[in-house]
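In: please work out how this folds:
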Amino acid sequence: MILFSLKSKYRQAIPARFFLWHNPPLPPKQIWFHACSFGETRALKPLVEAVGRENTSVTTTTQTGFSEAASLVKQRRYLPFEPLLWLWVRPQRALVVMEAELWYLLFLVAKRRGAKTLLVNARISDRSYPAYRRFAWFYRRIFAQVDAVFAQSETDRKRLEELGARHVKVCGNIKLAYLPKATRKIAKPEGIVVTAASTHEGEEEGIVEAFLRWRRNHPDARLVVVPRHPERFGKVAAFLERVAKKEGLSYGRWSEEESLNRDITLIDAMGELVNLYAVTDIVVLGGAFVPVGGHNPAEAVPFGCRLVTGPHIFNQKAMFEAVEGAHFCEAGRLQEGLEEAWRGGPLRLRTPVSLEPIVKELRDVV
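Out: Numbering: from 1, shown residues only. Sure thing, here's the model as predicted:
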């Protein structure tokens with residue numbers, strides 16, 4: 001444990017969680033939110049705003065979640081090791097736990113000290129479902145301490161009820177409650193705009209090759225390439241310039257001229273991806289043609305884009321389950337994938353998201 005505490009990501013969390021170092025109890029009579037990671041903590045924002053920042057506090061188990069909590073509330077803590085909760089927890093108005101943070105003592109202690117207990121954004125994946133069923137006896141004890149559960153889908157609702165969850169409602173994935181909006185308008189060129197978004201090492205070559213083959217049947221198509229990491233801008237620029245010269249195509253860098261009127265454009269700037277989605281017809285979402293784990297497809301939903309990506313989406317499986325209309329293919333079949341996406345419909349949410357049932361439960365105790 002001492003060795004772990006020397007690593008930057010554990011230096012705060014381990015002393016705080018296991019020894020309560022600089023980690024005093026939360027003020028009483030708050031709406032207490034608990035999440036694990038950065039993404040789960042960020043997803044709490046609309047709920048915090050609905051009940052009021054002054055009435056809320058957040059605990060997390062990771063340093064990234066703890067850092068993100070600073071943008072949401074004044075009162076933030078690391079969640080202590082379970083046996084310490086008996087000493088640490090003060091009476092709260094409600095405890096709201098995100099997703100799979102199913103800690104028995106967390107719910108038990110909070111409920112015994114007067115809190116309404118909620119589990120939100122709950123889901124049980126296909127992969128984890130057999131393990132949950134093997135220990136169903138234990139999860140029934142946990143759910144006996146949970147007053148209401150808000151599930152991501154109808155499938156999740158049925159699985160949660162099998163494990164003993166009560167008062168389960170389907171609200172959709174609350175991470176999709178507020179999808180991004182364009183921050184400025186980019187002029188859309190004529191023709192089909194294909195945006196290769198958040199690409200990684202080893203992906204641009206296959207994407208460009210497939211696009212050029214597909215373009216033979218769609219000569220008005222334009223390719224926009226957005227590498228994930230800025231340190232790769234120079235390398236990708238050199239590659240695209242060579243390809244454009246060889247193929248007799250026009251090419252340009254966004255940093256030199258903010259225009260998409262060339263056949264191939266490199267976006268060598270940060271923070272423009274959502275603005276580009278607003279003028280994109282087909283998104284080729286990177287991070288999945290090589291085993292990176294994929295990227296969030298939902299950011300493209302508000303703009304009516306079609307989307308094709310690779311098979312390696314293991315870090316984003318929940319997000320892909322929340323949308324429909326995405327097309328999947330190996331890098332070697334991307335030409336066919338582009339055609340399937342072009343003939344298909346736009347990406348859309350599978351289950352509408354509604355926060356109102358959760359907010360109502362919380363307003364009843366404020």
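
In: those helices in the stretch 151-300 of the chain, which residues are they?
Out: Counting by DSSP state H, counting those that start in this stretch, the stretch 151-300 of the chain has helices at residues 154-162, 204-215, 233-247, 273-277.

In: how about TSV for those, with mean pLDDT, mean neighbour count and distance to Gly114 added?
Out: Glycine gets a C-beta too; all of them are placed from N, C-alpha and C. Below are those laid out as TSV (pLDDT from 0 to 100; neighbours: other CB atoms under 10 Å; distance: least, CB to CB, whole Å):
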stretch	mean pLDDT	mean neighbour count	distance to Gly114
helix 154-162	95	18	24
helix 204-215	98	19	56
helix 233-247	98	15	55
helix 273-277	98	21	43
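
In: how about those helices in JSON lines, adding distance to Asp147?
Out: What follows is these, written out as JSON lines (distance: least, CB to CB, whole Å):
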{"stretch": "helix 154-162", "distance to Asp147": "14"}
{"stretch": "helix 204-215", "distance to Asp147": "49"}
{"stretch": "helix 233-247", "distance to Asp147": "51"}
{"stretch": "helix 273-277", "distance to Asp147": "37"}
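
In: which one of those helices lies nearest to Leu102?
Out: With CB to CB, the closest approach to Leu102 among the helices of the stretch 151-300 of the chain belongs to helix 154-162: 10.5 Å.

In: show me what the closest one is packed against.
Out: helix 129-134, strand 148-151, strand 168-170 (3 or more CB pairs under 8 Å, 6 or more residues apart in numbering; DSSP states H and E).

In: could you look up the SS state of the closest residue to Leu179 other than its chain neighbours?
Out: Of all residues not flanking Leu179 in the chain, Pro302 sits nearest, at 4.8 Å (CB to CB, 6 or more residues apart in numbering). At Pro302 the chain is in helix, as set by DSSP: H, G, I helix; E, B strand; the rest coil.

In: right, and Pro302 touches Asn275 too?
Out: No. If you go by CB atoms under 8 Å, Pro302 and Asn275 don't touch, sitting 11.9 Å apart.

In: please, where are all the strands along the stretch 251-366 of the chain?
Out: Taking DSSP state E, counting those that start in this stretch as the test, the strands found in the stretch 251-366 of the chain are 251-253, 264-266, 282-285, 306-309, 323-324, 326-328, 348-349.
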